[in-house]
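# Here is a sequence with its predicted model. Questions after.
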Amino acid sequence: MADNLEDEWWETDNRVQNNKIEENSSDEGEQKNTGEVSNKRSAEEEGEDQGNRTKKKQKRKRKKITTELKEKGKSSRASPTDVIDLLSKHFEGKLSPVELDEIKLDPDSDFYVSSESDHTPSSYLRTILPKWKKLVKSSGDLKPGSPLVLIITSSAIRAVQLNRDITDFKTEECKCAKLFAKHFKIEEQQKYLSKNVCHIGLGTPNRICSLIKNGSLHLDSVKSVVLDWNWRDKKFKRMADIIDLRIDLMVLLQTFIIPHIHANKCKIGIL
(Lines give C-alpha, C1' and ligand atoms only; values in the text may rest on other atoms or scores of the structure.)
Protein backbone atom coordinates (compact mmCIF):
# COMPACT_ATOMS: atom_id res chain seq x y z
CA MET A 1 0.00 0.00 0.00
CA ALA A 2 1.40 3.33 -1.01
CA ASP A 3 2.32 6.09 1.62
CA ASN A 4 -0.05 9.05 1.77
CA LEU A 5 2.29 12.03 0.99
CA GLU A 6 0.90 15.60 0.86
CA ASP A 7 3.63 16.94 -1.50
CA GLU A 8 5.45 15.56 -4.42
CA TRP A 9 9.12 14.67 -3.76
CA TRP A 10 10.56 17.42 -6.01
CA GLU A 11 8.51 20.13 -4.23
CA THR A 12 9.83 18.92 -0.87
CA ASP A 13 13.43 19.08 -2.10
CA ASN A 14 12.93 22.63 -3.35
CA ARG A 15 11.57 23.78 0.02
CA VAL A 16 14.50 22.23 1.87
CA GLN A 17 16.94 23.95 -0.46
CA ASN A 18 15.16 27.31 -0.05
CA ASN A 19 15.21 26.95 3.75
CA LYS A 20 18.94 26.33 3.64
CA ILE A 21 19.46 29.46 1.50
CA GLU A 22 17.37 31.55 3.96
CA GLU A 23 19.32 30.21 6.94
CA ASN A 24 22.63 31.05 5.27
CA SER A 25 21.39 34.55 4.43
CA SER A 26 20.23 35.02 8.04
CA ASP A 27 23.61 33.86 9.36
CA GLU A 28 25.43 36.23 7.02
CA GLY A 29 23.16 39.12 8.14
CA GLU A 30 23.79 38.35 11.80
CA GLN A 31 27.52 38.21 11.20
CA LYS A 32 27.34 41.52 9.34
CA ASN A 33 25.34 43.20 12.16
CA THR A 34 27.70 41.77 14.76
CA GLY A 35 30.62 43.13 12.78
CA GLU A 36 29.02 46.57 12.54
CA VAL A 37 28.33 46.63 16.30
CA SER A 38 31.90 45.53 17.04
CA ASN A 39 33.29 48.22 14.74
CA LYS A 40 31.02 50.81 16.36
CA ARG A 41 32.13 49.76 19.84
CA SER A 42 35.76 49.83 18.79
CA ALA A 43 35.32 53.37 17.40
CA GLU A 44 33.61 54.50 20.62
CA GLU A 45 36.32 52.93 22.79
CA GLU A 46 39.00 54.50 20.62
CA GLY A 47 37.24 57.87 20.95
CA GLU A 48 37.08 57.48 24.74
CA ASP A 49 40.76 56.57 24.88
CA GLN A 50 41.65 59.57 22.76
CA GLY A 51 39.52 61.82 25.00
CA ASN A 52 41.25 60.46 28.11
CA ARG A 53 44.65 61.02 26.50
CA THR A 54 43.66 64.62 25.64
CA LYS A 55 42.55 65.25 29.24
CA LYS A 56 45.82 63.86 30.55
CA LYS A 57 47.75 66.12 28.17
CA GLN A 58 45.73 69.12 29.37
CA LYS A 59 46.48 68.20 32.97
CA ARG A 60 50.16 67.96 32.14
CA LYS A 61 50.04 71.34 30.41
CA ARG A 62 48.34 73.02 33.39
CA LYS A 63 51.03 74.87 35.30
CA LYS A 64 51.45 74.68 39.03
CA ILE A 65 51.40 77.90 41.04
CA THR A 66 55.03 77.33 42.00
CA THR A 67 55.99 77.12 38.31
CA GLU A 68 54.13 80.35 37.55
CA LEU A 69 55.88 82.06 40.45
CA LYS A 70 59.27 81.02 39.11
CA GLU A 71 58.40 82.33 35.65
CA LYS A 72 57.03 85.63 36.94
CA GLY A 73 59.67 86.02 39.61
CA LYS A 74 59.18 86.07 43.36
CA SER A 75 59.24 89.89 43.38
CA SER A 76 56.00 90.08 41.37
CA ARG A 77 53.55 92.17 43.40
CA ALA A 78 49.89 92.99 42.91
CA SER A 79 48.80 96.41 41.72
CA PRO A 80 45.46 98.31 41.72
CA THR A 81 44.88 97.02 38.19
CA ASP A 82 44.89 93.42 39.49
CA VAL A 83 42.08 94.21 41.92
CA ILE A 84 40.09 96.09 39.28
CA ASP A 85 40.54 93.31 36.71
CA LEU A 86 39.40 90.65 39.19
CA LEU A 87 36.27 92.67 39.99
CA SER A 88 35.44 93.02 36.29
CA LYS A 89 36.06 89.33 35.59
CA HIS A 90 34.05 88.15 38.61
CA PHE A 91 30.97 90.27 37.92
CA GLU A 92 31.02 90.06 34.12
CA GLY A 93 27.62 88.84 32.95
CA LYS A 94 26.24 88.95 36.50
CA LEU A 95 25.61 92.68 36.76
CA SER A 96 24.01 95.20 34.42
CA PRO A 97 26.15 97.95 32.83
CA VAL A 98 24.77 100.44 35.37
CA GLU A 99 25.64 98.13 38.30
CA LEU A 100 29.13 97.52 36.89
CA ASP A 101 29.64 101.26 36.62
CA GLU A 102 28.73 101.64 40.31
CA ILE A 103 31.57 99.39 41.43
CA LYS A 104 34.26 100.90 39.20
CA LEU A 105 37.45 101.90 40.98
CA ASP A 106 40.03 104.41 39.83
CA PRO A 107 43.60 103.01 40.06
CA ASP A 108 44.98 106.44 40.98
CA SER A 109 42.42 108.17 43.20
CA ASP A 110 40.96 105.09 44.98
CA PHE A 111 44.23 103.33 45.86
CA TYR A 112 47.37 103.98 47.86
CA VAL A 113 50.72 102.99 46.43
CA SER A 114 51.12 99.22 46.51
CA SER A 115 53.56 97.54 48.87
CA GLU A 116 57.04 96.62 47.69
CA SER A 117 58.79 93.29 48.26
CA ASP A 118 60.92 94.77 51.07
CA HIS A 119 57.92 96.14 52.97
CA THR A 120 56.86 94.61 56.27
CA PRO A 121 53.19 94.99 57.32
CA SER A 122 54.18 97.74 59.79
CA SER A 123 56.40 99.62 57.34
CA TYR A 124 53.69 99.55 54.68
CA LEU A 125 51.04 100.85 57.10
CA ARG A 126 53.40 103.66 58.11
CA THR A 127 53.87 104.48 54.40
CA ILE A 128 50.16 104.92 53.69
CA LEU A 129 49.27 106.34 57.13
CA PRO A 130 52.21 108.59 58.09
CA LYS A 131 50.09 110.54 60.62
CA TRP A 132 48.70 107.47 62.35
CA LYS A 133 49.65 108.48 65.92
CA LYS A 134 47.95 111.85 65.57
CA LEU A 135 44.93 110.18 64.02
CA VAL A 136 44.59 107.82 66.98
CA LYS A 137 44.98 110.64 69.53
CA SER A 138 42.40 112.80 67.80
CA SER A 139 39.83 110.01 67.64
CA GLY A 140 38.30 110.70 71.04
CA ASP A 141 34.81 110.87 69.57
CA LEU A 142 35.20 107.53 67.81
CA LYS A 143 32.09 105.39 68.21
CA PRO A 144 32.23 101.75 69.36
CA GLY A 145 32.55 99.32 66.47
CA SER A 146 33.83 102.00 64.06
CA PRO A 147 37.52 101.36 63.24
CA LEU A 148 39.81 103.78 61.43
CA VAL A 149 41.54 101.03 59.45
CA LEU A 150 40.10 97.76 58.15
CA ILE A 151 42.61 95.04 57.27
CA ILE A 152 41.19 92.14 55.25
CA THR A 153 43.14 88.89 55.17
CA SER A 154 42.61 85.29 54.09
CA SER A 155 42.40 83.30 57.33
CA ALA A 156 42.29 83.43 61.11
CA ILE A 157 45.87 82.10 61.31
CA ARG A 158 47.12 84.85 59.03
CA ALA A 159 45.11 87.47 60.98
CA VAL A 160 46.79 86.41 64.24
CA GLN A 161 50.19 86.60 62.56
CA LEU A 162 49.44 90.05 61.14
CA ASN A 163 48.27 91.29 64.53
CA ARG A 164 51.70 90.41 65.93
CA ASP A 165 53.54 91.86 62.92
CA ILE A 166 51.96 95.32 63.29
CA THR A 167 52.62 95.66 67.03
CA ASP A 168 55.18 98.44 66.56
CA PHE A 169 52.73 100.34 64.35
CA LYS A 170 49.68 100.25 66.61
CA THR A 171 50.88 102.37 69.61
CA GLU A 172 49.69 101.82 73.19
CA GLU A 173 46.41 103.71 72.75
CA CYS A 174 45.42 101.67 69.69
CA LYS A 175 42.99 98.78 70.04
CA CYS A 176 42.58 96.06 67.43
CA ALA A 177 39.33 94.11 66.96
CA LYS A 178 39.77 90.50 65.83
CA LEU A 179 37.11 89.88 63.21
CA PHE A 180 37.50 86.24 62.23
CA ALA A 181 35.71 83.01 63.05
CA LYS A 182 38.32 80.76 64.66
CA HIS A 183 37.89 80.66 68.47
CA PHE A 184 35.47 83.62 68.27
CA LYS A 185 31.70 83.30 68.11
CA ILE A 186 29.95 86.04 66.21
CA GLU A 187 27.82 86.82 69.29
CA GLU A 188 30.99 87.53 71.30
CA GLN A 189 32.27 89.86 68.60
CA GLN A 190 28.94 91.66 68.42
CA LYS A 191 29.07 92.26 72.17
CA TYR A 192 32.69 93.48 72.02
CA LEU A 193 32.06 95.87 69.14
CA SER A 194 28.97 97.34 70.79
CA LYS A 195 30.93 98.34 73.91
CA ASN A 196 34.51 99.03 72.76
CA VAL A 197 36.25 101.62 70.63
CA CYS A 198 38.61 99.90 68.18
CA HIS A 199 41.04 101.68 65.89
CA ILE A 200 41.89 98.70 63.70
CA GLY A 201 39.58 95.95 62.49
CA LEU A 202 41.45 92.85 61.36
CA GLY A 203 39.69 89.83 59.91
CA THR A 204 38.39 87.69 57.06
CA PRO A 205 35.90 88.78 54.35
CA ASN A 206 33.06 86.50 55.42
CA ARG A 207 33.07 87.46 59.10
CA ILE A 208 33.57 91.17 58.37
CA CYS A 209 30.63 91.07 55.96
CA SER A 210 28.41 89.31 58.53
CA LEU A 211 29.26 91.85 61.25
CA ILE A 212 28.48 94.79 58.95
CA LYS A 213 25.17 93.19 57.95
CA ASN A 214 24.01 92.68 61.55
CA GLY A 215 24.93 96.28 62.46
CA SER A 216 27.82 95.48 64.82
CA LEU A 217 30.64 96.79 62.62
CA HIS A 218 30.40 100.28 61.12
CA LEU A 219 32.41 101.75 58.25
CA ASP A 220 31.59 105.40 58.99
CA SER A 221 35.06 106.22 60.36
CA VAL A 222 37.14 103.91 58.12
CA LYS A 223 39.91 105.91 56.41
CA SER A 224 41.81 103.00 54.88
CA VAL A 225 41.00 99.48 53.72
CA VAL A 226 44.07 97.25 53.44
CA LEU A 227 43.92 94.03 51.41
CA ASP A 228 46.45 91.39 52.44
CA TRP A 229 46.61 90.44 48.76
CA ASN A 230 50.20 89.26 48.21
CA TRP A 231 50.49 86.84 51.13
CA ARG A 232 50.46 83.16 50.16
CA ASP A 233 49.57 80.13 52.28
CA LYS A 234 51.37 76.76 52.38
CA LYS A 235 49.94 75.91 48.96
CA PHE A 236 51.23 79.24 47.58
CA LYS A 237 47.66 80.52 47.18
CA ARG A 238 46.65 84.13 47.73
CA MET A 239 43.20 85.19 48.90
CA ALA A 240 42.26 85.82 45.25
CA ASP A 241 43.23 82.22 44.33
CA ILE A 242 40.85 80.49 46.77
CA ILE A 243 37.38 80.29 45.21
CA ASP A 244 35.16 80.61 48.32
CA LEU A 245 37.37 83.30 49.79
CA ARG A 246 37.43 85.22 46.52
CA ILE A 247 33.62 85.15 46.31
CA ASP A 248 33.33 86.46 49.90
CA LEU A 249 35.82 89.23 49.12
CA MET A 250 33.97 90.26 45.95
CA VAL A 251 30.65 90.43 47.83
CA LEU A 252 32.23 92.51 50.62
CA LEU A 253 33.79 94.92 48.13
CA GLN A 254 30.67 95.28 46.01
CA THR A 255 28.16 95.59 48.86
CA PHE A 256 29.99 97.67 51.44
CA ILE A 257 33.59 98.71 50.75
CA ILE A 258 33.29 100.29 47.29
CA PRO A 259 30.14 102.32 48.13
CA HIS A 260 31.97 103.60 51.25
CA ILE A 261 35.04 104.53 49.16
CA HIS A 262 32.90 106.44 46.65
CA ALA A 263 31.08 108.32 49.42
CA ASN A 264 34.06 109.09 51.67
CA LYS A 265 37.75 109.94 51.57
CA CYS A 266 38.82 106.34 51.86
CA LYS A 267 41.41 104.42 49.86
CA ILE A 268 42.49 100.82 49.35
CA GLY A 269 45.99 99.66 50.20
CA ILE A 270 47.49 96.46 48.80
CA LEU A 271 49.78 94.71 51.29
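That came through, no problem. Residues are numbered from 1 along each chain as shown.

# Sort out which residues of stretch 129-141 are buried, please.
Neighbour counts over stretch 129-141 (16 or more other C-beta atoms under 10 Å) mark 129, 132, 135, 136, 139 as buried. All C-beta spots, glycine's among them, are computed from the backbone N, C-alpha and C.

# ends of stretch 146-164, how far apart?
21 Å (C-alpha to C-alpha, to the nearest Å).

# Also stretch 125-143?
Length of stretch 125-143, first residue to last, C-alpha to C-alpha: 22 Å.

# And stretch 225-242, by the same measure?
20 Å.

# For that stretch, buried residues please.
Buried, per 16+ other C-beta under 10 Å, within stretch 225-242: 225, 226, 227, 228, 229, 230, 231, 238, 239, 240, 242.

# does the second one have beta-bridge partners, and which?
The bridge-partner assignment for residue 226, based on DSSP bridges, gives residue 151, residue 269.

# pLDDT weak spots in the stretch 101-250 of the chain?
Scanning the stretch 101-250 of the chain for pLDDT under 70 picks out no residues.

# okay, the buried residues of stretch 129-141 in JSON lines with secondary structure and distance to residue 104 next?
Below are those laid out as JSON lines (DSSP: H, G, I helix; E, B strand; the rest coil; distance: C-beta to C-beta, whole Å):
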{"residue": "129", "secondary structure": "coil", "distance to residue 104": "25"}
{"residue": "132", "secondary structure": "helix", "distance to residue 104": "29"}
{"residue": "135", "secondary structure": "helix", "distance to residue 104": "28"}
{"residue": "136", "secondary structure": "helix", "distance to residue 104": "32"}
{"residue": "139", "secondary structure": "coil", "distance to residue 104": "30"}
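
# for those, which one is nearest residue 267?
In terms of C-beta to C-beta, no member of the buried residues of stretch 129-141 lies closer to residue 267 than residue 129, at 10.2 Å.

# which residues sit in contact with the closest one?
135, 149, 223, 224 (C-beta atoms under 8 Å, 6 or more residues apart in numbering).

# Who wins on neighbours among the residues you listed?
residue 149 (27 neighbours; other C-beta atoms under 10 Å).

# I'd assumed residue 227 was in contact with that one.
No - using C-beta atoms under 8 Å, residue 149 makes no contact with residue 227, being 12.0 Å away.

# sorry, back to before: so can I have TSV of the buried residues of stretch 225-242 showing distance to residue 116 and secondary structure?
Below are these laid out as TSV (distance: C-beta to C-beta, whole Å; DSSP: H, G, I helix; E, B strand; the rest coil):
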residue	distance to residue 116	secondary structure
225	19	strand
226	15	strand
227	15	strand
228	15	coil
229	13	coil
230	10	coil
231	14	coil
238	17	coil
239	19	helix
240	19	helix
242	24	coil
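
# Does residue 148 touch residue 219 like I think?
No - in this structure, residue 148 is not within contact of residue 219 by C-beta under 8 Å, at 10.7 Å.

# what about stretch 147-157, distance to the chain center?
Distance of stretch 147-157 from the chain centroid (C-alpha atoms, centre = their mean, to the nearest Å) equals 18 Å.

# Tell me where the stretch 151-271 of the chain has strands.
For the stretch 151-271 of the chain, the strands defined by DSSP state E, counting those that start in this stretch cover 176-179, 200-203, 224-227, 267-270.

# Can I get these in JSON lines including distance to residue 213?
Converted to JSON lines, the strands of the stretch 151-271 of the chain look like this (distance: least, C-beta to C-beta, whole Å):
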{"stretch": "strand 176-179", "distance to residue 213": "13"}
{"stretch": "strand 200-203", "distance to residue 213": "14"}
{"stretch": "strand 224-227", "distance to residue 213": "17"}
{"stretch": "strand 267-270", "distance to residue 213": "21"}
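
# Compare those strands and give me the one nearest residue 191.
The nearest among these, by C-beta to C-beta, is strand 176-179 at 11.7 Å.

# helices or strands next to the closest one in the packing?
Strand 176-179 sits against helix 156-165, helix 186-195, strand 200-203, helix 205-213, with contacts defined as 3 or more C-beta pairs under 8 Å, 6 or more residues apart in numbering; DSSP states H and E.
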